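Asker: Got a predicted structure here, sequence first:
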Amino acid sequence: MIVMGVETSCDETSVSLVEDGKRVLANEVLSQIDIHKEYGGVVPEIASREHVKGIVFVFDQAMKKANINYKDIDLIAVTAGPGLIGSLLIGINAAKVISLNYGIPIIGIQHIAGHIYANNIEHDMEFPLLALVVSGGHTELVLMESHYDFQKLGETQDDAVGEAYDKVARILGLPYPGGPQVDKLAQQGKDTFSFPRPMLDSGDFNFSFSGLKSKVINTYHNLNQRKATISTPDFCRSFQEAVTDVLVKKTNDAMNLHNVKQVIVAGGVAANQGLREKMRQTITDVPVYFPSIKYCTDNAAMIAVAGYFKYKKEQKADDYLLNGFSRLELK
Ligand code: KG4
Ligand code: ZN
(Lines give C-alpha, C1' and ligand atoms only; values in the text may rest on other atoms or scores of the structure.)
(Ligands and ions follow the chains in the order given, each with its own letter.)
Protein backbone atom coordinates (compact mmCIF):
# COMPACT_ATOMS: atom_id res chain seq x y z
CA MET A 1 0.00 0.00 0.00
CA ILE A 2 1.52 3.32 -1.07
CA VAL A 3 0.55 6.34 1.04
CA MET A 4 1.26 9.93 0.06
CA GLY A 5 1.91 12.15 3.09
CA VAL A 6 1.41 15.93 3.12
CA GLU A 7 2.63 18.13 5.99
CA THR A 8 2.32 21.93 6.12
CA SER A 9 1.40 22.61 9.76
CA CYS A 10 4.22 25.09 10.45
CA ASP A 11 7.23 26.21 8.42
CA GLU A 12 8.09 23.09 6.43
CA THR A 13 6.36 22.19 3.16
CA SER A 14 6.71 18.44 2.89
CA VAL A 15 5.37 15.65 0.65
CA SER A 16 6.29 11.98 1.00
CA LEU A 17 5.54 8.58 -0.49
CA VAL A 18 5.80 5.64 1.90
CA GLU A 19 5.12 1.96 1.25
CA ASP A 20 3.37 -0.16 3.91
CA GLY A 21 4.01 2.29 6.74
CA LYS A 22 7.75 1.73 6.54
CA ARG A 23 9.64 2.00 3.27
CA VAL A 24 10.23 5.66 2.43
CA LEU A 25 10.20 6.11 -1.35
CA ALA A 26 10.42 9.90 -1.10
CA ASN A 27 10.38 12.50 1.68
CA GLU A 28 10.81 15.98 0.25
CA VAL A 29 11.04 18.85 2.75
CA LEU A 30 11.17 22.50 1.72
CA SER A 31 12.20 24.43 4.82
CA GLN A 32 11.33 28.10 5.41
CA ILE A 33 13.79 28.50 8.29
CA ASP A 34 16.00 30.97 6.44
CA ILE A 35 13.00 33.22 5.78
CA HIS A 36 11.66 33.20 9.36
CA LYS A 37 15.14 33.51 10.89
CA GLU A 38 15.09 37.21 10.12
CA TYR A 39 12.10 37.67 12.46
CA GLY A 40 13.36 35.37 15.25
CA GLY A 41 10.39 33.01 14.87
CA VAL A 42 7.71 31.77 12.47
CA VAL A 43 5.50 34.54 11.01
CA PRO A 44 2.19 32.76 10.22
CA GLU A 45 1.15 34.87 7.22
CA ILE A 46 4.57 34.51 5.61
CA ALA A 47 4.48 30.76 6.29
CA SER A 48 1.15 30.39 4.44
CA ARG A 49 2.43 32.33 1.44
CA GLU A 50 5.62 30.27 1.27
CA HIS A 51 3.59 27.03 1.36
CA VAL A 52 1.52 28.31 -1.58
CA LYS A 53 4.68 29.16 -3.51
CA GLY A 54 6.42 25.86 -2.82
CA ILE A 55 3.82 23.14 -2.64
CA VAL A 56 3.43 22.23 -6.33
CA PHE A 57 7.20 21.97 -6.67
CA VAL A 58 7.42 19.73 -3.60
CA PHE A 59 4.68 17.40 -4.95
CA ASP A 60 6.56 17.16 -8.27
CA GLN A 61 9.89 16.47 -6.57
CA ALA A 62 8.41 13.73 -4.38
CA MET A 63 6.73 12.01 -7.35
CA LYS A 64 9.96 12.16 -9.37
CA LYS A 65 12.03 10.80 -6.51
CA ALA A 66 9.64 7.91 -5.85
CA ASN A 67 9.38 7.29 -9.58
CA ILE A 68 5.70 6.35 -9.47
CA ASN A 69 2.45 7.60 -11.06
CA TYR A 70 -0.45 9.18 -9.19
CA LYS A 71 -2.55 6.13 -10.05
CA ASP A 72 -0.16 3.99 -7.94
CA ILE A 73 -1.09 5.88 -4.75
CA ASP A 74 -3.61 4.09 -2.47
CA LEU A 75 -4.18 6.77 0.18
CA ILE A 76 -3.37 10.42 0.87
CA ALA A 77 -2.64 11.33 4.50
CA VAL A 78 -2.54 15.01 5.35
CA THR A 79 -1.87 16.86 8.62
CA ALA A 80 -5.21 18.26 9.86
CA GLY A 81 -3.86 19.91 13.04
CA PRO A 82 -2.71 21.22 15.40
CA GLY A 83 -0.77 23.95 13.63
CA LEU A 84 -1.01 27.32 11.94
CA ILE A 85 -4.44 27.33 10.38
CA GLY A 86 -3.45 29.14 7.15
CA SER A 87 -0.54 26.77 6.64
CA LEU A 88 -2.61 23.65 7.37
CA LEU A 89 -5.25 24.66 4.85
CA ILE A 90 -2.71 24.92 2.01
CA GLY A 91 -1.66 21.29 2.54
CA ILE A 92 -5.23 20.07 3.04
CA ASN A 93 -6.53 21.77 -0.10
CA ALA A 94 -3.61 20.58 -2.22
CA ALA A 95 -4.18 17.03 -0.92
CA LYS A 96 -7.91 17.30 -1.72
CA VAL A 97 -7.14 18.34 -5.30
CA ILE A 98 -5.00 15.24 -5.86
CA SER A 99 -7.55 13.05 -4.07
CA LEU A 100 -10.43 14.34 -6.20
CA ASN A 101 -8.51 14.31 -9.44
CA TYR A 102 -7.23 10.74 -9.14
CA GLY A 103 -10.01 9.25 -6.98
CA ILE A 104 -7.63 8.47 -4.09
CA PRO A 105 -9.09 8.28 -0.54
CA ILE A 106 -7.91 10.99 1.83
CA ILE A 107 -7.39 10.87 5.61
CA GLY A 108 -6.62 13.66 8.12
CA ILE A 109 -3.78 13.05 10.61
CA GLN A 110 -3.08 14.64 13.98
CA HIS A 111 0.47 16.05 13.84
CA ILE A 112 1.72 14.49 17.11
CA ALA A 113 0.48 11.07 16.01
CA GLY A 114 2.74 11.64 13.00
CA HIS A 115 5.75 12.39 15.22
CA ILE A 116 5.11 9.19 17.19
CA TYR A 117 4.77 7.08 14.02
CA ALA A 118 8.07 8.46 12.64
CA ASN A 119 9.58 5.81 14.88
CA ASN A 120 8.12 2.94 12.84
CA ILE A 121 10.27 3.81 9.82
CA GLU A 122 13.47 2.50 11.37
CA HIS A 123 12.20 0.20 14.18
CA ASP A 124 8.95 -1.77 14.29
CA MET A 125 6.68 -0.43 17.00
CA GLU A 126 5.92 -3.13 19.60
CA PHE A 127 3.16 -2.80 22.17
CA PRO A 128 2.66 -1.81 24.90
CA LEU A 129 5.04 1.09 24.33
CA LEU A 130 5.72 4.39 25.99
CA ALA A 131 6.19 7.50 23.84
CA LEU A 132 7.84 10.67 25.10
CA VAL A 133 6.66 13.46 22.81
CA VAL A 134 8.90 16.56 22.87
CA SER A 135 8.33 19.21 20.22
CA GLY A 136 7.96 22.96 19.83
CA GLY A 137 4.34 22.82 20.96
CA HIS A 138 4.03 19.58 22.97
CA THR A 139 5.58 17.75 25.89
CA GLU A 140 3.73 14.62 26.92
CA LEU A 141 4.06 10.98 27.92
CA VAL A 142 1.78 8.66 25.97
CA LEU A 143 1.07 4.98 26.56
CA MET A 144 0.08 2.89 23.52
CA GLU A 145 -1.31 -0.63 23.93
CA SER A 146 -1.98 -1.09 20.23
CA HIS A 147 -1.85 0.89 17.00
CA TYR A 148 -3.69 4.18 17.09
CA ASP A 149 -4.54 3.88 20.76
CA PHE A 150 -3.12 6.86 22.65
CA GLN A 151 -3.44 7.17 26.44
CA LYS A 152 -1.97 10.39 27.73
CA LEU A 153 -0.23 9.80 31.07
CA GLY A 154 0.81 13.41 31.61
CA GLU A 155 1.76 16.61 29.84
CA THR A 156 3.26 20.04 30.34
CA GLN A 157 1.22 22.42 32.42
CA ASP A 158 2.70 25.44 30.61
CA ASP A 159 5.56 25.70 28.07
CA ALA A 160 6.61 22.87 25.76
CA VAL A 161 10.28 21.84 25.93
CA GLY A 162 11.07 23.08 22.41
CA GLU A 163 9.47 26.42 23.22
CA ALA A 164 11.68 26.76 26.34
CA TYR A 165 14.76 25.90 24.24
CA ASP A 166 13.86 28.52 21.65
CA LYS A 167 13.29 31.21 24.28
CA VAL A 168 16.55 30.50 26.11
CA ALA A 169 18.38 30.56 22.77
CA ARG A 170 16.82 33.91 21.93
CA ILE A 171 18.03 35.47 25.19
CA LEU A 172 21.53 34.19 24.39
CA GLY A 173 21.30 35.83 20.95
CA LEU A 174 21.38 32.52 19.07
CA PRO A 175 19.57 32.30 15.71
CA TYR A 176 16.13 30.68 15.26
CA PRO A 177 15.37 27.82 15.76
CA GLY A 178 17.40 27.86 18.94
CA GLY A 179 17.05 24.25 20.10
CA PRO A 180 19.80 22.78 17.91
CA GLN A 181 22.15 25.70 18.73
CA VAL A 182 21.72 25.29 22.50
CA ASP A 183 22.25 21.55 22.08
CA LYS A 184 25.49 22.07 20.15
CA LEU A 185 26.92 24.54 22.67
CA ALA A 186 25.84 22.35 25.60
CA GLN A 187 28.14 19.58 24.30
CA GLN A 188 31.12 21.85 25.04
CA GLY A 189 29.99 23.07 28.47
CA LYS A 190 29.61 21.97 32.10
CA ASP A 191 26.59 22.05 34.42
CA THR A 192 27.86 24.91 36.63
CA PHE A 193 24.63 26.87 37.23
CA SER A 194 22.55 24.19 39.01
CA PHE A 195 19.19 25.28 37.62
CA PRO A 196 16.05 23.80 39.23
CA ARG A 197 14.56 20.49 38.02
CA PRO A 198 10.85 21.43 37.96
CA MET A 199 8.31 18.81 39.12
CA LEU A 200 11.04 16.15 39.31
CA ASP A 201 9.39 14.50 42.33
CA SER A 202 5.79 15.55 41.74
CA GLY A 203 4.69 11.91 41.71
CA ASP A 204 2.80 12.28 38.43
CA PHE A 205 3.74 12.44 34.77
CA ASN A 206 3.14 16.13 34.24
CA PHE A 207 5.83 18.66 33.41
CA SER A 208 6.42 22.40 33.78
CA PHE A 209 9.09 24.41 32.03
CA SER A 210 8.03 28.04 32.31
CA GLY A 211 9.51 28.48 35.83
CA LEU A 212 12.83 27.02 34.70
CA LYS A 213 12.78 29.21 31.60
CA SER A 214 12.19 32.35 33.72
CA LYS A 215 14.93 31.33 36.17
CA VAL A 216 17.39 30.87 33.30
CA ILE A 217 16.46 34.17 31.69
CA ASN A 218 16.62 36.09 35.02
CA THR A 219 20.00 34.56 35.86
CA TYR A 220 21.30 35.67 32.48
CA HIS A 221 20.02 39.24 32.93
CA ASN A 222 21.42 39.49 36.47
CA LEU A 223 24.85 38.33 35.39
CA ASN A 224 24.75 40.68 32.44
CA GLN A 225 23.85 43.65 34.63
CA ARG A 226 26.79 42.86 36.86
CA LYS A 227 28.92 42.65 33.72
CA ALA A 228 30.00 39.14 34.72
CA THR A 229 31.53 36.92 32.06
CA ILE A 230 29.08 34.20 31.11
CA SER A 231 30.24 30.96 29.54
CA THR A 232 27.54 30.30 26.93
CA PRO A 233 28.43 26.59 26.68
CA ASP A 234 28.17 26.20 30.49
CA PHE A 235 24.90 28.11 30.47
CA CYS A 236 23.46 25.92 27.71
CA ARG A 237 24.73 22.73 29.37
CA SER A 238 23.19 23.71 32.72
CA PHE A 239 19.80 24.36 31.09
CA GLN A 240 19.98 21.15 29.07
CA GLU A 241 20.91 19.04 32.13
CA ALA A 242 17.94 20.42 34.09
CA VAL A 243 15.50 19.73 31.23
CA THR A 244 16.78 16.27 30.39
CA ASP A 245 16.96 15.18 34.05
CA VAL A 246 13.20 15.77 34.34
CA LEU A 247 12.30 14.23 30.97
CA VAL A 248 14.36 11.11 31.57
CA LYS A 249 13.27 10.53 35.19
CA LYS A 250 9.57 10.80 34.36
CA THR A 251 9.95 8.55 31.33
CA ASN A 252 11.82 5.99 33.43
CA ASP A 253 9.14 6.10 36.17
CA ALA A 254 6.34 5.66 33.60
CA MET A 255 8.24 2.78 31.99
CA ASN A 256 8.57 1.00 35.35
CA LEU A 257 4.90 1.51 36.17
CA HIS A 258 3.53 0.28 32.87
CA ASN A 259 5.79 -2.59 31.94
CA VAL A 260 6.26 -1.56 28.34
CA LYS A 261 8.21 -3.38 25.64
CA GLN A 262 9.90 -0.28 24.29
CA VAL A 263 10.30 3.45 24.82
CA ILE A 264 10.19 5.77 21.83
CA VAL A 265 10.97 9.47 21.66
CA ALA A 266 9.18 11.73 19.20
CA GLY A 267 9.18 15.36 18.01
CA GLY A 268 11.82 17.96 17.16
CA VAL A 269 13.53 17.81 20.58
CA ALA A 270 14.10 14.05 20.05
CA ALA A 271 17.03 15.30 17.93
CA ASN A 272 18.71 16.55 21.12
CA GLN A 273 22.06 14.82 21.72
CA GLY A 274 21.96 15.34 25.50
CA LEU A 275 18.51 13.75 25.71
CA ARG A 276 19.54 10.83 23.50
CA GLU A 277 22.58 10.06 25.64
CA LYS A 278 20.83 10.38 29.00
CA MET A 279 17.85 8.28 27.87
CA ARG A 280 20.12 5.49 26.63
CA GLN A 281 22.22 5.56 29.82
CA THR A 282 19.22 5.54 32.17
CA ILE A 283 16.71 3.30 30.42
CA THR A 284 18.38 -0.06 30.01
CA ASP A 285 15.58 -2.56 30.73
CA VAL A 286 13.85 -2.08 27.37
CA PRO A 287 15.07 -0.65 24.06
CA VAL A 288 14.86 3.14 23.62
CA TYR A 289 14.38 4.30 20.04
CA PHE A 290 14.77 7.72 18.45
CA PRO A 291 13.99 8.45 14.81
CA SER A 292 17.01 9.62 12.82
CA ILE A 293 17.29 13.40 12.84
CA LYS A 294 15.53 13.93 9.48
CA TYR A 295 12.43 12.14 10.83
CA CYS A 296 12.49 13.96 14.22
CA THR A 297 11.65 17.42 12.91
CA ASP A 298 8.56 18.09 10.80
CA ASN A 299 8.33 15.89 7.69
CA ALA A 300 5.63 14.20 5.62
CA ALA A 301 7.03 10.65 5.86
CA MET A 302 5.81 10.46 9.47
CA ILE A 303 2.33 11.60 8.36
CA ALA A 304 2.17 8.88 5.67
CA VAL A 305 3.20 6.22 8.23
CA ALA A 306 0.52 7.40 10.69
CA GLY A 307 -2.01 7.48 7.82
CA TYR A 308 -1.22 3.87 6.90
CA PHE A 309 -1.85 2.59 10.45
CA LYS A 310 -4.91 4.78 11.05
CA TYR A 311 -6.53 3.62 7.81
CA LYS A 312 -5.66 -0.01 8.51
CA LYS A 313 -7.29 0.21 11.92
CA GLU A 314 -10.37 2.28 11.09
CA GLN A 315 -10.90 1.07 7.51
CA LYS A 316 -12.42 4.40 6.57
CA ALA A 317 -11.25 7.59 4.94
CA ASP A 318 -12.41 11.19 5.43
CA ASP A 319 -14.59 13.05 2.96
CA TYR A 320 -14.12 16.40 1.27
CA LEU A 321 -15.38 18.21 4.36
CA LEU A 322 -11.98 17.38 5.93
CA ASN A 323 -10.84 20.57 7.65
CA GLY A 324 -7.80 22.00 9.45
CA PHE A 325 -7.76 22.81 13.17
CA SER A 326 -5.27 25.01 15.00
CA ARG A 327 -5.94 22.88 18.11
CA LEU A 328 -6.52 19.18 17.82
CA GLU A 329 -6.26 16.43 20.44
CA LEU A 330 -4.06 13.38 19.85
CA LYS A 331 -6.31 10.73 18.29
O1 KG4 B 1 8.53 18.77 16.09
P2 KG4 B 1 9.05 20.06 15.57
O3 KG4 B 1 9.88 20.04 14.32
O4 KG4 B 1 7.89 21.04 15.34
C5 KG4 B 1 6.76 21.05 16.14
O6 KG4 B 1 5.85 20.23 15.89
O7 KG4 B 1 6.79 21.84 17.10
O8 KG4 B 1 9.88 20.68 16.77
C9 KG4 B 1 10.52 21.91 16.66
C10 KG4 B 1 11.20 22.19 17.97
C11 KG4 B 1 11.81 23.58 18.05
O12 KG4 B 1 11.45 24.16 19.27
C13 KG4 B 1 13.30 23.30 17.98
O14 KG4 B 1 14.09 24.28 18.63
C15 KG4 B 1 13.38 21.97 18.68
O16 KG4 B 1 12.27 21.26 18.21
N17 KG4 B 1 14.63 21.23 18.38
C18 KG4 B 1 15.57 20.96 19.31
C19 KG4 B 1 16.62 20.28 18.63
N20 KG4 B 1 16.28 20.18 17.31
C21 KG4 B 1 15.05 20.76 17.18
N22 KG4 B 1 15.60 21.20 20.62
C23 KG4 B 1 16.69 20.80 21.32
N24 KG4 B 1 17.74 20.17 20.74
C25 KG4 B 1 17.76 19.88 19.42
N26 KG4 B 1 18.80 19.27 18.86
ZN1 ZN C 1 6.18 18.85 14.69
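Answerer: That came through, no problem. Ligands and ions are numbered 1, 2, ... in the order given.
Asker: Could you say which helix or strand holds whatever residue of the stretch 1-150 of the chain ends up closest to ligand 1?
Answerer: Closest to ligand 1 within the stretch 1-150 of the chain is residue 136: 2.7 Å, counting by Cβ to the nearest ligand atom. For the C-beta atoms, the positions are set from N, CA and C on the backbone; glycine is no exception. Assigned by DSSP states H and E, residue 136 falls within no helix or strand.
Asker: quick one: the helix or strand harbouring residue 244 near ligand 1?
Answerer: Per DSSP H and E: residue 244 is located in helix 232-258. No. Residues of helix 232-258 contacting ligand 1 under Cβ under 6 Å from any ligand atom: none, with a closest distance of 8.0 Å.
Asker: and the gap between the residue nearest to residue 102 when sequence neighbours are not counted and residue 163?
Answerer: Residue nearest to residue 102 in three dimensions, not counting chain neighbours: residue 70, with 4.6 Å by Cβ to Cβ, 6 or more residues apart in numbering. According to Cβ to Cβ, to the nearest Å, residue 70 stands 38 Å off from residue 163.
Asker: So for stretch 185-193, first residue to last residue, what's the gap.
Answerer: End-to-end distance for stretch 185-193: 15 Å, by Cα to Cα, to the nearest Å.
Asker: Residue numbers of the stretch 1-150 of the chain in contact with ligand 1?
Answerer: 10, 115, 135-137.
Asker: The chain: helices as residue ranges?
Answerer: With DSSP state H as the criterion, the chain has helices at 33-37, 44-66, 85-102, 111-117, 161-171, 178-186, 210-225, 232-258, 273-282, 293-296, 301-314.
Asker: what about the longest one, average pLDDT?
Answerer: This points to helix 232-258. Helix 232-258 comes out with an average pLDDT of 98.
Asker: What is the burial count for residue 97?
Answerer: 11 (other Cβ atoms under 10 Å).
Asker: again, but for residue 125
Answerer: 20.
Asker: Please name the residues that touch the closest residue to it other than its chain neighbours.
Answerer: Excluding the flanking residues, the one nearest residue 125 by Cβ to Cβ, 6+ apart is residue 119, at 6.2 Å. Contacts for residue 119 (Cβ atoms under 8 Å, 6 or more residues apart in numbering) come out as 125, 131, 264-266, 289-291.
Asker: now do residue 271
Answerer: 179-180, 183, 293, 296-297.
Asker: now do 6 Å
Answerer: Contact analysis of residue 271 by Cβ atoms under 6 Å, 6 or more residues apart in numbering lists 293, 296.
Asker: and it, how far is that from ligand 1?
Answerer: 4 Å (Cβ to the nearest ligand atom, to the nearest Å).
Asker: returning to that earlier point: the residue nearest to residue 102 against residue 103, yeah?
Answerer: No. Assessed by Cβ atoms under 6 Å, residue 70 is found out of contact with residue 103, at 9.8 Å.
Asker: picking up where we left off before, and residue 70 and residue 163? Which one has more around it.
Answerer: Between residue 70 and residue 163, residue 163 has the larger neighbour count (other Cβ under 10 Å), namely 21 against 14.
Asker: and residue 195, how many neighbours?
Answerer: 19.
Asker: Leaving out sequence neighbours, find the closest residue to the closest residue to ligand 2 within the stretch 201-331 of the chain.
Answerer: Residue nearest to ligand 2 within the stretch 201-331 of the chain (Cβ to the ion): residue 298, separated by 4.4 Å. Nearest residue to residue 298, sequence neighbours excluded (Cβ to Cβ, 6+ apart): residue 12, at 4.4 Å.
Asker: need the contact list for the one you found.
Answerer: Shown in contact with residue 12 (Cβ under 6 Å, 6+ apart): 29, 31, 298.
Asker: So which of the residues you listed wins on neighbours?
Answerer: residue 298 (27 neighbours).
Asker: Residue 316 versus that one, what's the distance?
Answerer: Distance from residue 298 to residue 316, by Cβ to Cβ: 26 Å.
Asker: quick revisit: mind putting the contacts of residue 119 into JSON lines with distance to residue 143?
Answerer: Formatted as JSON lines, the contacts of residue 119 follow (distance: Cβ to Cβ, whole Å):
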{"residue": "125", "distance to residue 143": "13"}
{"residue": "131", "distance to residue 143": "8"}
{"residue": "264", "distance to residue 143": "11"}
{"residue": "265", "distance to residue 143": "14"}
{"residue": "266", "distance to residue 143": "13"}
{"residue": "289", "distance to residue 143": "16"}
{"residue": "290", "distance to residue 143": "18"}
{"residue": "291", "distance to residue 143": "19"}
